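S.K.: Sequence plus predicted model, see below.
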Amino acid sequence: MRSIVGLITGGGVAAFFFFSWVIQALFNSIVVDHFGLLQKVTYWQAAGMWFLIIVILSPLGLGVRRGWKRRD
């Protein structure tokens, strides 16, 4: 739940779309152009990959500040 709230608040939505574009550019540049392994991905496929990365790695607590406490 904390990762979803962090995604929505504090420019998280803009960061999500920006990093989706970065993932698309890097994937198409490295994997497709240099190695010729796969087909180019679209922006929405890159956004899906980025979302899966967030979902898979969120239980590990990566990027979560340990000393941060919520003020109620």
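M.R.: Happy to help now that I have it.
S.K.: Look up how far Val22 lies from Ala14.
M.R.: 13 Å (CB to CB, to the nearest Å). Using the backbone N, CA and C atoms, a C-beta is placed for each residue, glycine as well.
S.K.: which parts of the host helix or strand of Ala14 are buried?
M.R.: Using DSSP states H and E, Ala14 maps to helix 12-27. Using 16 or more other CB atoms under 10 Å as the test for burial, helix 12-27 gives 20, 23-24, 27.
S.K.: and that helix, how far out from the chain's middle?
M.R.: 7 Å (CA atoms, centre = their mean, to the nearest Å).
S.K.: So what touches it?
M.R.: Helix 12-27 is contacted from outside by 6-7, 41-43, 45-47, 49-51, using CB atoms under 8 Å, 6 or more residues apart in numbering.
S.K.: Buried only: go through those residues for me.
M.R.: 41, 46-47, 50.
S.K.: Tell me the one among the residues you listed nearest to Ile56.
M.R.: Trp50 (10.9 Å; CB to CB).
S.K.: Can you pull out the low-pLDDT segments for this structure?
M.R.: For the chain, the stretches with pLDDT under 70 are 1-10, 62-72.
S.K.: All good on my end, thank you.
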